[in-house]
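need coordinates for the following:
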Amino acid sequence: MGWVQGRPRGRFGLPAALIWLAFIVFPLIDAVTNKGAAVGHVLAIVGAALFVAGYVWLVLHAFGPRQTSLTRAVCVGLILIAILLTLLDRPGWGFLFTYCAACTAVIVAPRHSFPAVATLTALAAACCAIGGGGAGGAFGYGASTIGIGLLMVLMRDLRIRNAELLEARAELARSAVAQERERFARDLHDLLGHTLSVIALKAELAGKLIPDSPQRAVTEVGEVETVARQALGEVRLAVSGYRQPTLDREVAGARPALSAAGIEADVVRPAVVLDADVEAVLAWAVREGATNVIRHSGARTCMVRVTAGLAEASVEVVDDGGGGRTNGTADPGIIGLEARAGNGLSGLGERAEALRGRVEAGARAEGGFRLAVSVPVSGGAGVGGGP
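The predicted structure follows:
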């Protein structure tokens, strides 16, 4: 009959089944109070007692998350007792099929619940009619059987849906936590990667200047302190979830960082008004591009160009260094990536993809490395000035 072997945790239909315990004494009372032939009367009492005991056992054991062959056998036994009492004693025993329907609707597999209840309904009506209950009795017991059976099917289905909903909500919560962790790790990488590179370069430069230009060394040390404090503030803002980089800040920071590394910087930044999300992606692109040039390129010159039109805004970072040298693992989501993309480029690709943008990164044929990030402009960009 397609008995179910397992189901979500929880007791399906147990409250409703427990309600029927208040009425299960009636079959036994009915068997005792209705007099008849001695042998038939005793057998009716025994059958009713077995039915009551079997039903109580099912309520207490068979409404859990798993079914066993014993619970299925007891359910079948209840059906057989109901059939025998209805056919051999009197048609009034047809009401036992309502108890059988309640148990069967919970025990069988969900896809077989309705056919099982329908079968019991037909069986109840047929037994009642054959036992002498007539059309009225057959209709009455059949209606009560299918009514109770479908009610239990509905209750079991609601419990299953509720369990699935709770599981889905838990999974969504876990997914949200995982995404937030990835975002936080990505932001910290991009924040600290650039800032720590600047601190290291300025500290190295200060060390070299101490013998010959102690005053300049003091200036560089002061700038190291300033950059470190700025990085600390940015990390605190990132932890708070309120930090959003801006083009002005990143472009202003890229110039001295490249110069401190001995790289001649050519930065072009038109005065534009962009959507905050678009500007944040472009700002991350300036930071990541400048950081990679300082760390890996060995370049002498670097050009950072920001452009904005009616359809899209973009950032291009080009250097004349060794080209294609970045750290990390390959990211197939970055278009045209010929080098090995690190966490920074991977995170940049994710940010651009979220806004339907694109990232291109790779070595140039004429030498050097090129990083280009383009993002569709939301609501257009207002160009308000020149470089």
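
tell me how far stretch 270-278 is from the chain's mean position?
With CA atoms, centre = their mean, to the nearest Å as the basis, stretch 270-278 stands 32 Å off its chain's centre.

now swap in stretch 345-362 and tell me
Offset of stretch 345-362 from its chain centre (CA atoms, centre = their mean): 23 Å.

mind listing the strands for the stretch 201-350 of the chain?
For the stretch 201-350 of the chain, the strands defined by DSSP state E, counting those that start in this stretch occupy 264-268, 272-273, 301-308, 312-319.

now do the shortest one, average pLDDT.
When pLDDT is averaged over strand 272-273, the result is 76.

still on that earlier bit, mind putting the strands of the stretch 201-350 of the chain into a markdown table with mean neighbour count and distance to Gly77?
The way it works is simple: take the backbone N, C-alpha and C, and place the C-beta from them, glycine included. Formatted as a markdown table, the strands of the stretch 201-350 of the chain follow (neighbours: other CB atoms under 10 Å; distance: least, CB to CB, whole Å):
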| stretch | mean neighbour count | distance to Gly77 |
| --- | --- | --- |
| strand 264-268 | 15 | 86 |
| strand 272-273 | 16 | 79 |
| strand 301-308 | 21 | 79 |
| strand 312-319 | 23 | 74 |
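
adding distance to Gly133, write the ones you listed out as a markdown table.
Output for these, formatted as a markdown table (distance: least, CB to CB, whole Å):
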| stretch | distance to Gly133 |
| --- | --- |
| strand 264-268 | 95 |
| strand 272-273 | 85 |
| strand 301-308 | 86 |
| strand 312-319 | 80 |
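
mean pLDDT for those: which is lowest?
With a mean of 76, strand 272-273 has the lowest mean pLDDT of those.

could you pull out the helices for the stretch 151-300 of the chain?
With helices called from DSSP state H, counting those that start in this stretch, the stretch 151-300 of the chain shows them at 214-240, 247-260, 276-292.

right, so these: which one is the most enclosed?
Comparing these on average neighbours per residue, with mean count of other CB atoms under 10 Å, the densest one is helix 276-292 at a mean of 24.

and that helix, average pLDDT?
Here the average pLDDT along helix 276-292 is 86.

between that helix and helix 247-260, how many degrees?
Relative orientation of helix 276-292 versus helix 247-260 (axes from the mean of the first three to the mean of the last three CA atoms, to 10 degrees): 0 degrees.

okay if I get the helices of the stretch 151-300 of the chain as JSON lines plus distance to Glu164?
Shown next, in JSON lines, are these (distance: least, CB to CB, whole Å):
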{"stretch": "helix 214-240", "distance to Glu164": "35"}
{"stretch": "helix 247-260", "distance to Glu164": "46"}
{"stretch": "helix 276-292", "distance to Glu164": "34"}
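
Ser144: which of those helices is closest?
Ser144 lies closest, by CB to CB, to one member of these: helix 276-292, at 62.0 Å.

elements contacting the closest one?
helix 134-209, helix 247-260, strand 301-308, strand 312-319, helix 343-354, strand 369-376 (3 or more CB pairs under 8 Å, 6 or more residues apart in numbering; DSSP states H and E).

run the chain-centre distance for that helix.
Distance, stretch centre to chain centre, for helix 276-292: 29 Å (CA atoms, centre = their mean).

now the angle between strand 264-268 and it, please.
Using the same axes, to 10 degrees: helix 276-292 against strand 264-268 is 170 degrees.

pull the number of nearby residues for Gln179.
10 (other CB atoms under 10 Å).
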